[in-house]
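Novice: this is a predicted model, with the sequence first.
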Amino acid sequence: MSLLTVNNLKVHYPIRGGILRRKIDVVRAVDGITMELERGETYGLVGESGSGKSTSGRAIIGLESPTAGEVTFEGQKLNQLKRQDRREYYKDIQMVFQDPYSSLNPKKRVNDIIAEPIRNFEKRTKDDERRRIQELLELVGLSPESMHKYPHEFSGGQKQRLGVARALALQPKLIIADEPVSALDVSVQAQVLNFMKEIQRELDLTYIFISHDLGVVRHMCNRIGIMYNGRFVEEGSAEDVYDNPQHIYTKRLVAAIPDIDPANRKHQTDFRREVKKEYDNKKAEFFDEHGGVFDLKQVSSTHYAALP
Amino acid sequence: MSDRSLLEIDNVQTSFRVGDSYYAAVDGVSLNVERNEVLAIVGESGSGKSALAFSIMGLHNSHKTKIEGSIRLNGKDVNHLSTSELNKVRGKDMGMIFQEPLTALNPLKTIKDQITEALDLHTNFSAKQQNERALHLLNEVGIPRADKVMNQYPHELSGGMRQRVVIAIAISCDPSLLIADEPTTALDATIQSQILDLLNELKEEKDSGIILITHDLGVVAEMADRVAVMYAGQVVELADVMSLFKQPKHPYTRSLLSSVPSTQDEKDMLHVIQGVVPSLPKMPRTGCRFKARIPWMADDTHEENPELREVADGHYVRCTCYKHFYFPEEEAEKDVAAHRE
């Protein structure tokens, strides 16, 4: 059984207008995505800003209410549950946010920041709670004494570790990481990525990794879904998507990744120009008459693309 | 001084006041930029790269900052100018592209007004000429329906479009030097490649020099002619882009390069540089400043007073520690291999 199944998930926002604030149109932020996650894998959700990747993550964890579709976690349909029962399931799904500088309350000590989810969901004695916090801090590589410090006393990478420690507090099975390293320097980024891989192995975690950085995604993810206008244009293994992209949009996205080898500069520029030309010429073929994305079709056993 | 030379920075020291004392964030940097050249400056945050750019542009608060050394643009000293003299140079001879396009633009003014502001200061164009020039600039940076965009406000434009507007403003008076501070960090990959292409075209067409400040080594590999790597306020390595990526010397450069996840190689773990960039008051002022972050290197591999020395043609490295440098991971692998035999 897969850990998480998302079936035709939609999140639409109404646009209201006129003096009666009637609904005059909708923004289709997420418009029918379907995905399946196995335990222990890392699924990359990639797209440009506005493609709906963050909204998808937020809808899965319940921060946005879906307009339609189902989210099934360990065989249980989450949106059919009563609020109280749903709470139990959301314990198992946690989120790591993009900006470690603003996602930690500057007025609270580390102690209280990490204890918050524990106090919400579990009844522990003071001593027990402290032991758990120290355990978590050790797990993310911070000294137990740091529980009395404030967020500003930590560096960027350490802050992001605190964010992860908070997410791990309730022993979740699935972590949704929304651009967890985008705000960090390369050296700190490496630190956080390594550490995320380590705890994944140690705790058998499953990740949904949301990012616009295609280099980072390739490094981290087993499977990747490319989003455009709230829908998947392509889904497959890292090799499928990077080495054999089928959809013109994916091709263009992959071509835009800067090459770290300056010797390839000329080649890369020409290649990009070629792909851009192809994109301009063939764009109409890959989208329907309203500019919408087609449904996914199977290309190989692991590879799907939104082809006509 | 060659006639291609555009900007010459000599022994610049930029110090910020913290409490009662001044601390150097840029500590003795000498660099030069030629026409039609992209000089990239890379380093982690806190390495002093933006502080250097702001010093060149004269954007630091003069009450809290001390800038020593000489900064010469087209042979003219721009470091000791008064604000009004500086205003004649800024925007005209040198332009700056800021990192965050939303905060760099005035939300209350139309795009047209923001572009013509610079023209108003530096040219004697009539209102009509200014309009034509603004429209021409927007077309040049690849903004579709430029005539409409002229009358729009920043919030009506997407991130990529805003960044193009910022570039249009920076190039409005054909500056010979363009400083781009993380010009694409806030942008998506496809827009990033468009902006970089645009900067390349501008460089060729106007024969101007570009200082590109970034921490994205992919962008450096694609754009730069020469690269200066900065750490703790100093240049630790300076080389043409090929040498820097193919034969990086300084431990800091090598560490940075191996901490980037690449789309090609399949290594599971990335290299992590130990420790952090020291804060300004705690920055070591003597010896190799990178020493604390490569503690496995023996003390005698470092110089007492590390200097930037030419080790190959046009390739400069600071300190001698690069000669013996190795990654601890490599050593561990070697040990394992030796054990097997």
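Specialist: Cool, got the structure.
Novice: mind listing the helices for the stretch 51-200 of chain B?
Specialist: B:83-89, B:101-104, B:111-122, B:127-140, B:146-149, B:159-170, B:189-206 (DSSP state H, counting those that start in this stretch).
Novice: list just the one of these that sits closest to chain A.
Specialist: Chain A lies closest to helix B:189-206 among the helices of the stretch 51-200 of chain B, at 4.1 Å (Cβ to the nearest Cβ). In this view, the C-beta of every residue, glycine as well, is placed from N, C-alpha and C.
Novice: so what are the domain limits for the chain?
Specialist: By default, I'm working from chain A. A:4-229, A:250-308 (automatic domain parsing).
Novice: should've been chain B
Specialist: B:5-224, B:231-340.
Novice: looking at those domains, which is buried most?
Specialist: Among the domains of chain B, domain B:5-224 has the highest mean neighbour count (mean count of other Cβ atoms under 10 Å in any protein chain shown), at a mean of 19.
Novice: the longest strand seen in chain A packs against which elements?
Specialist: Scanning chain A for the strand with the most residues, using DSSP state E, yields strand A:22-37. Helices and strands touching strand A:22-37, as assessed by 3 or more Cβ pairs under 8 Å, 6 or more residues apart in numbering or on different chains; DSSP states H and E, comprise strand A:4-17, helix A:53-61, strand A:68-73, strand A:223-228, strand A:231-237.
Novice: ok now the first one, how far from the chain's centre?
Specialist: Relative to its parent chain, strand A:4-17 has a centroid offset of 17 Å by Cα atoms, centre = their mean, to the nearest Å.
Novice: in its sheet, which strands sit next to it, and in what direction?
Specialist: Strand A:4-17 pairs in its sheet with strand A:22-37 (antiparallel), strand A:68-73 (antiparallel), by DSSP bridges.
Novice: in the last one, what counts as buried?
Specialist: To tie it back to what came earlier, the one meant is strand A:68-73. Neighbour counts over strand A:68-73 (16 or more other Cβ atoms under 10 Å in any protein chain shown) mark A:69, A:71-73 as buried.
Novice: low-confidence regions, the chain specifically.
Specialist: Just going to use chain A. Counting by pLDDT under 70, chain A shows no low-confidence range.
Novice: think we crossed wires, I meant chain B
Specialist: Looking at chain B by pLDDT under 70, you get B:1-2, B:263-266, B:340-341.
Novice: and residue A:183, how many residues sit next to it?
Specialist: Applying other Cβ atoms under 10 Å in any protein chain shown, we find 18 residues neighbouring residue A:183.
Novice: for the strands paired with strand A:4-17, which one sits closest to residue B:238?
Specialist: strand A:22-37 (46.9 Å; Cβ to Cβ).
Novice: so which residues on chain A come close to chain B?
Specialist: Within reach of chain B by Cβ under 8 Å from any Cβ of the partner chain, chain A has these residues: A:48-49, A:155, A:157, A:185-191, A:193-194, A:197, A:212-216, A:218-220, A:242, A:252-253, A:255-263, A:265, A:268-269, A:272.
Novice: follow-up on the earlier one: most packed of the domains of chain A?
Specialist: Comparing the domains of chain A by mean neighbour count (mean count of other Cβ under 10 Å), domain A:4-229 ranks first with a mean of 18.
Novice: span of that domain from start to end?
Specialist: End-to-end distance of domain A:4-229: 23 Å, with Cα to Cα, to the nearest Å as the criterion.
Novice: from the chain's centroid, how far away is that domain?
Specialist: Worked out by Cα atoms, centre = their mean, domain A:4-229 lies 7 Å from the chain centre.
Novice: in chain A, which helix has the most residues?
Specialist: Using DSSP state H, we find that the single longest helix of chain A is helix A:265-286.
Novice: and for it, what's in contact with it?
Specialist: Outside helix A:265-286, the residues that touch it by Cβ atoms under 8 Å, 6 or more residues apart in numbering or on different chains are A:247-249, A:251-252, A:255-256, A:259, A:294, A:306-308, B:193, B:197, B:221-222.
Novice: CA atoms only: put that helix into CSV for me.
Specialist: What follows is helix A:265-286, C-alpha atoms only, in CSV (Å, rounded to 0.1, in the frame of the first residue of the first chain):
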residue,chain,number,x,y,z
ARG,A,265,29.1,27.7,-22.2
LYS,A,266,28.9,28.0,-26.0
HIS,A,267,27.2,24.7,-26.4
GLN,A,268,24.7,25.5,-23.6
THR,A,269,23.8,28.8,-25.1
ASP,A,270,23.2,27.3,-28.5
PHE,A,271,21.2,24.5,-27.0
ARG,A,272,19.0,26.9,-25.1
ARG,A,273,18.4,29.0,-28.1
GLU,A,274,17.4,25.9,-30.0
VAL,A,275,15.0,24.8,-27.3
LYS,A,276,13.5,28.3,-27.1
LYS,A,277,12.8,28.2,-30.8
GLU,A,278,11.3,24.8,-30.5
TYR,A,279,9.2,26.0,-27.6
ASP,A,280,7.9,29.0,-29.5
ASN,A,281,7.1,26.9,-32.6
LYS,A,282,5.6,23.9,-31.0
LYS,A,283,4.0,25.4,-27.9
ALA,A,284,0.5,25.2,-29.5
GLU,A,285,0.9,21.4,-30.0
PHE,A,286,1.6,20.8,-26.4
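Novice: mind checking the SS state of residue A:114?
Specialist: helix (DSSP: H, G, I helix; E, B strand; the rest coil).
Novice: distance of it from residue A:61?
Specialist: According to Cβ to Cβ, to the nearest Å, residue A:114 and residue A:61 sit 19 Å apart.
Novice: the residue in chain B positioned nearest to chain A is in what secondary structure piece?
Specialist: Closest contact between chain B and chain A, by Cβ to the nearest Cβ, is at residue B:218 (2.9 Å). Using DSSP states H and E, residue B:218 sits within helix B:217-223.
Novice: can you give me the strands in the stretch 151-300 of chain B?
Specialist: Remark: strands assigned in the stretch 151-300 of chain B by DSSP state E, counting those that start in this stretch are B:177-181, B:209-213, B:226-231, B:234-240.
Novice: wondering if the first one reaches chain A at all.
Specialist: Going back to what we said before, that points to strand B:177-181. No: on the criterion Cβ under 8 Å from any Cβ, strand B:177-181 is out of touch with chain A, staying 14.9 Å away.
Novice: which outside residues touch that strand?
Specialist: Here strand B:177-181 has contacts from B:6-7, B:33, B:50, B:53, B:56-57, B:73, B:93-99, B:170-171, B:199, B:202-203, B:208-213, using Cβ under 8 Å, 6+ apart.
Novice: direction included, what does it pair up with?
Specialist: Strand B:177-181 has the following strand partners under DSSP bridges: strand B:94-97 (parallel), strand B:209-213 (parallel).
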